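Asks: my questions are about this predicted structure, shown below with the sequence.
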Amino acid sequence: MAKYLPDLRILTPRLLLRPLQMPDFDSWAEFMADPEATRFLGGVQPRALAWRSFMTMAGAWHLQGFSMFSVIERSSQRWVGRLGPWMPDGWPGTEVGWGIIRECWGRGYAAEGATAAIDWAFDELGWSEVIHAIDPANGASQAVARKLGSGLIGPGRLPAPINTTVEIWGQRRAAWRARTQR
């Protein structure tokens, strides 16, 4: 298990991935208040509930040694989403998930950041596979999963209190390495 390091930084050509920081919360809360951006992420969260979900992610860094990263656009230094490793109790597998603010959809940020997060999960966390739990109606996330080289594994269900049916997409470390080290 990786240790939480306040100075952990992963750079991609356009993004900085780092653990959550308190100044990220206002942007997080705005993201979680957007009905379209959260349509497939459990729906809108009022600010008080967004605070709890933000603190859950921050706590996972402390207790598990990993969680979703804040996604910072390098050119502007603004918070544009959250993505990365995620595995709550009862989850259907070791997930790398993503959520990007609507203003930045279509720029390839989800795939760019998820690629770096998958590398990190395999290299630093020692995961043997990654999954993506995707709502069956979420064509955009299915396209990201395909771009990452993941395939549809089958149906799954997220645990309570979510209790939702999802498609499980994913791949094993060997397939990821064979694809990314060409």
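Replies: Structure's in. What do you need? Here the structure is a predicted model, which means the values were calculated and not measured.
Asks: Trp169 belongs to a helix?
Replies: No - going by DSSP: H, G, I helix; E, B strand; the rest coil, the assignment for Trp169 is strand, not a helix.
Asks: gap between it and Ile131?
Replies: 7 Å (C-beta to C-beta, to the nearest Å). Quick note: C-beta positions are derived from backbone N, CA and C, even for glycine.
Asks: mutual contacts of these two, please.
Replies: Ser150, Ile153 (C-beta atoms under 8 Å, 6 or more residues apart in numbering).
Asks: any stretches of the chain with poor pLDDT?
Replies: For the chain, applying pLDDT under 70 flags the ranges 1-5, 182.
Asks: what's the biggest helix by length in it packed up against?
Replies: In the chain, assigned by DSSP state H, the helix with the most residues is helix 47-64. Applying 3 or more C-beta pairs under 8 Å, 6 or more residues apart in numbering; DSSP states H and E, we find helix 47-64 packed against helix 25-32.
Asks: name the surrounding residues that touch the helix it packs on.
Replies: Residues outside helix 25-32 that contact it (C-beta under 8 Å, 6+ apart): 20, 37-38, 44-45, 47, 49-51, 53-54, 78-79, 81-82, 99, 101.
Asks: one more time with 10 Å, if that's ok
Replies: 20, 24, 37-38, 41-51, 53-55, 57-58, 70, 72, 78-82, 99-102 (C-beta atoms under 10 Å, 6 or more residues apart in numbering).
Asks: ok, and for it, which residues are buried?
Replies: Buried residues in helix 25-32, counted by 16 or more other C-beta atoms under 10 Å: Phe25, Ser27, Trp28, Ala29, Phe31, Met32.
Asks: make JSON lines out of the residues you listed and add distance to Ala121.
Replies: Formatted as JSON lines, the buried residues of helix 25-32 follow (distance: C-beta to C-beta, whole Å):
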{"residue": "Phe25", "distance to Ala121": "25"}
{"residue": "Ser27", "distance to Ala121": "24"}
{"residue": "Trp28", "distance to Ala121": "21"}
{"residue": "Ala29", "distance to Ala121": "27"}
{"residue": "Phe31", "distance to Ala121": "22"}
{"residue": "Met32", "distance to Ala121": "24"}
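Asks: ok, Ala143 - contacts?
Replies: Contacts of Ala143 (C-beta under 10 Å, 6+ apart): Ala110, Ala111.
Asks: now the angle between helix 25-32 and the longest helix of the chain, please.
Replies: Put simply, helix 47-64 runs at 110 degrees to helix 25-32, going by axes from the mean of the first three to the mean of the last three C-alpha atoms, to 10 degrees.
Asks: output the contacting helices and strands for the next helix or strand along the chain from helix 47-64.
Replies: Using DSSP states H and E, the helix or strand that follows helix 47-64 in sequence is strand 69-73. When contacts are defined as 3 or more C-beta pairs under 10 Å, 6 or more residues apart in numbering; DSSP states H and E, strand 69-73 packs onto strand 15-18, helix 25-32, helix 47-64, strand 79-86, strand 95-100, helix 109-124.
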